[in-house]
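Student: Task: produce atomic coordinates for the following.
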Amino acid sequence: MASSLSAIAKAKKIKYFLVSFVDLFGHLRSKLVPTRAIDGMHKDGAGFAGFAAWLDMTPADPDMFGKPDASSLIQLPWNKEVAWLASDLWMDGKEVEASPRVILKKQLRTSMEKGYRMKTGVECEYFLTSLDGSELSDDKDAQSKPCYDQQALMRRFPVIKEICDYMLELGWGPYQNDHEDANGQFEMNWDYDDALKTADRHVFFKYMVKTVAEKHGFRATFMPKPFAHLTGNGCHTHVSVWDKTGKKNLFLNKRDNLGISKLAYNFLGGVMNSAVGLCAIFNPTVNSYKRINAPVTSSGATWSPNAVTYSGNNRTHMVRVPEAGRFEIRLMDGAVNPYLGQAAILAAGLDGVAKKRNPGEPLHINMYTEGHKAGDVPRLPLNLLDALRLLEKNEIIKSAWGDSTVQSYVKLKMMEWNDYSSQLSEWERANTLDC
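Tutor: From the prediction side, this is the model:
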């Protein structure tokens with residue numbers, strides 16, 4: 001098995017490998033390994049100090065090793081001498097339980113044991129800004145309703161084309177690129193696939209977009225709400241569950257009004273039951289709550305949920321069923337950890353299936369203008385602190401991931417919240433200096 005990477009390197013003329021992992025905060029960490037050493041790295045892993053990343057470790061902990069997954073290999077289309085590899089973290093001969101990719105793989109194994117294979121697709125929105133991130137890259141992109149604006153899209157054609165060409169070359173099946181609802185915002189879609197493959201591609205997509213943007217003199221940001229008056233960056237996730245072979249969609253029921261099966265309703269019931277407790281995963285930054293609890297934007301709508309509801313093809317709800325056999329969770333934002341987001345959906349969904357949770361009846365109302373008609377539905381947390389406290393109480397995710405993993409995540413994110421809370425803002429000065 002180890003020799004396969006060196007053989008691939010020889011055949012593809014690869015000189016270096018990026019052996020990578022994603023920490024709990026979603027940051028991509030890597031070592032650049034020359035081909036001569038890749039066989040050893042494949043067998044034993046590339047060494048990392050866990051304390052140097054967001055993994056709740058100390059300098060006294062032993063080395064952890066990133067063992068690359070050969071099936072994840074992506075040769076950089078813009079630099080063929082280099083290939084990227086996702087890796088799983090090991091320490092003292094055991095997998096690191098708090099490693100996001102390990103968490104997802106464990107969840108997928110549990111699902112497959114029950115006969116379920118989750119497939120997903122993600123819609124990654126991003127802004128193109130100046131290099132310092134202070135303003136949009138295109139000062140002509142100023143319409144109040146800029147969504148699908150052809151002129152603004154084509155002014156950034158060189159960037160969009162280059163990224164899309166790379167996805168075509170990599171065989172991802174990209175099928176549309178558009179200017180999104182905010183000025184300077186774009187979205188690029190590719191085919192759905194098995195959840196692990198989608199998560200690996202999600203990680204690489206963010207790296208690729210940022211790299212291409214820099215090449216063209218811009219900065220790409222997936223920050224949930226980089227501009228207060230504009231629509232934020234979502235990461236809508238489409239979910240379906242198939243049989244173990246991946247050939248039969250178990251969510252599909254053409255006789256149902258929405259086109260989904262009893263299994264799908266139970267899975268959805270699990271997601272809705274845990275949604276408020278999973279916001280700290282789906283919306284993991286202080287800034288995230290300026291997207292899901294935002295006032296109306298300059299375009300007229302935030303396109304973000306603020307309550308736990310579902311509907312048919314209606315984008316004002318947290319979950320919509322756009323067509324038979326799948327549903328779209330609209331809660332996640334651009335900061336979501338690609339592995340933890342998928343793992344959280346699956347953990348909550350499997351709980352719903354096991355407990356036959358009922359999501360209730362769909363609501364066919366405009367939640368932005370008629371939210372008061374929704375009744376006593378759960379509301380999403382208003383800030384990261386509330387979200388972390390809710391996650392800490394979520395027994396479903398603690399059971400699925402392990403209590404220590406959840407506690408580590410909460411501990412590290414609490415440090416981030418406390419750091420944020422210690423900052424003195426200009427708003428505070430302007431409004432309370434003379435109190």
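Student: Enumerate the helices of the protein by residue range, in sequence order.
Tutor: 2-12, 38-44, 100-113, 150-155, 157-170, 195-215, 262-282, 338-354, 367-370, 384-392, 395-401, 403-421, 426-432 (DSSP state H).
Student: Reformat those helices as a markdown table; add distance to residue 82, mean pLDDT and mean neighbour count.
Tutor: All C-beta spots, glycine's among them, are computed from the backbone N, C-alpha and C. Putting the helices of the chain into a markdown table (distance: least, Cβ to Cβ, whole Å; pLDDT from 0 to 100; neighbours: other Cβ atoms under 10 Å) gives the following:
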| stretch | distance to residue 82 | mean pLDDT | mean neighbour count |
| --- | --- | --- | --- |
| helix 2-12 | 11 | 86 | 14 |
| helix 38-44 | 12 | 95 | 18 |
| helix 100-113 | 20 | 98 | 20 |
| helix 150-155 | 30 | 98 | 14 |
| helix 157-170 | 13 | 98 | 17 |
| helix 195-215 | 11 | 98 | 21 |
| helix 262-282 | 31 | 98 | 24 |
| helix 338-354 | 21 | 98 | 25 |
| helix 367-370 | 45 | 94 | 15 |
| helix 384-392 | 36 | 98 | 20 |
| helix 395-401 | 33 | 97 | 19 |
| helix 403-421 | 30 | 97 | 16 |
| helix 426-432 | 43 | 94 | 9 |
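Student: Using CSV, please lay out those helices together with distance to residue 56.
Tutor: Converted to CSV, the helices of the chain look like this (distance: least, Cβ to Cβ, whole Å):
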stretch, distance to residue 56
helix 2-12, 30
helix 38-44, 24
helix 100-113, 13
helix 150-155, 42
helix 157-170, 34
helix 195-215, 20
helix 262-282, 15
helix 338-354, 14
helix 367-370, 37
helix 384-392, 14
helix 395-401, 13
helix 403-421, 4
helix 426-432, 31
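Student: Show me what residue 188 is bridged to.
Tutor: residue 124, residue 177 (DSSP bridges).
Student: Check what pLDDT it gets.
Tutor: Residue 188 is assigned 98 on the pLDDT scale.
Student: Residue 180 is in contact with that one, correct?
Tutor: No: if you go by Cβ atoms under 8 Å, residue 188 and residue 180 don't touch, sitting 10.0 Å apart.
Student: Tell me which of these two has more neighbours.
Tutor: Ranked by neighbour count (other Cβ atoms under 10 Å), residue 188 and residue 180 place residue 180 first, with 24 against 20.
Student: Am I right that the more buried one is in contact with residue 187?
Tutor: Yes: applying Cβ under 8 Å as the test, residue 180 and residue 187 come out as touching, 4.9 Å apart.
Student: show me the contacts for the closest residue in space to residue 66 that isn't next to it in sequence.
Tutor: In this structure, residue 66 finds its nearest non-sequential neighbour in residue 87, 3.5 Å apart by Cβ to Cβ, 6 or more residues apart in numbering. By Cβ atoms under 8 Å, 6 or more residues apart in numbering, the residues touching residue 87 are 19, 20, 21, 45, 46, 66, 67, 68, 69, 101.
Student: Look up how far residue 237 lies from residue 223.
Tutor: Applying Cβ to Cβ, to the nearest Å, the value for residue 223 to residue 237 is 18 Å.
Student: Need the per-residue pLDDT for residue 300.
Tutor: The model's pLDDT for residue 300 equals 88.
Student: Would you confirm that it contacts residue 145?
Tutor: Yes: judged on Cβ under 8 Å, residue 300 makes contact with residue 145 at a distance of 7.0 Å.
Student: So for residue 223 and residue 237, which residue has more residues nearby?
Tutor: residue 237 (25 against 20).
Student: in the sheet, who's paired with that one?
Tutor: With DSSP bridges as the rule, residue 237 is bridged to residue 122, residue 329.
Student: Might one say that it is in contact with residue 338?
Tutor: No: the pair residue 237 and residue 338 does not pass the contact test of Cβ under 8 Å, sitting 10.0 Å apart.
Student: Could you tell me which residues touch both of those two?
Tutor: Common neighbours of residue 237 and residue 338 (Cβ under 8 Å, 6+ apart) are residue 122.
Student: Which of the helices of the chain sits closest to residue 254?
Tutor: Residue 254 lies closest, by Cβ to Cβ, to one member of those: helix 262-282, at 12.4 Å.
Student: Next, show the common contact partners of residue 180 and residue 187.
Tutor: Shared contacts of residue 180 and residue 187 (Cβ under 8 Å, 6+ apart): residue 125.
Student: Could you tell me which of the contacts of residue 87 count as buried?
Tutor: 19, 20, 21, 45, 46, 66, 67, 68, 69, 101 (16 or more other Cβ atoms under 10 Å).
Student: Can you pick out the most distant pair from those residues?
Tutor: 46 and 101 (14.2 Å).
Student: Would you convert the buried ones among the contacts of residue 87 into a markdown table that also reports distance to residue 316?
Tutor: Output for these, formatted as a markdown table (distance: Cβ to Cβ, whole Å):
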| residue | distance to residue 316 |
| --- | --- |
| 19 | 43 |
| 20 | 37 |
| 21 | 37 |
| 45 | 46 |
| 46 | 46 |
| 66 | 42 |
| 67 | 44 |
| 68 | 43 |
| 69 | 39 |
| 101 | 34 |
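Student: and those, which of them are in strands?
Tutor: 19, 20, 21, 46, 66, 67, 68 (DSSP state E).
Student: and the second one, what is it in contact with?
Tutor: I take that to be residue 20. Per Cβ under 8 Å, 6+ apart, neighbours of residue 20: 28, 29, 30, 66, 84, 85, 86, 87, 203.
Student: So what sits opposite the fifth one in the bridge?
Tutor: Each beta-bridge partner of residue 84 is listed here, defined by DSSP bridges: residue 18, residue 74.
Student: Touching, it and residue 78? I think so.
Tutor: No: applying Cβ under 8 Å, one finds residue 84 not in contact with residue 78, separated by 11.6 Å.
Student: Same drill for the two, tell me which one is more crowded.
Tutor: Neighbour count, other Cβ under 10 Å: between residue 84 and residue 78, residue 84 has more, with 21 against 13.
Student: Now do the contacts for residue 264.
Tutor: Shown in contact with residue 264 (Cβ under 8 Å, 6+ apart): 240, 241, 250, 251, 253, 325, 327.
Student: could you redo the residues you listed as TSV and give each row distance to residue 7 and pLDDT?
Tutor: Below are the contacts of residue 264 laid out as TSV (distance: Cβ to Cβ, whole Å; pLDDT from 0 to 100):
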residue	distance to residue 7	pLDDT
240	35	98
241	36	98
250	38	98
251	39	98
253	46	98
325	39	98
327	42	98
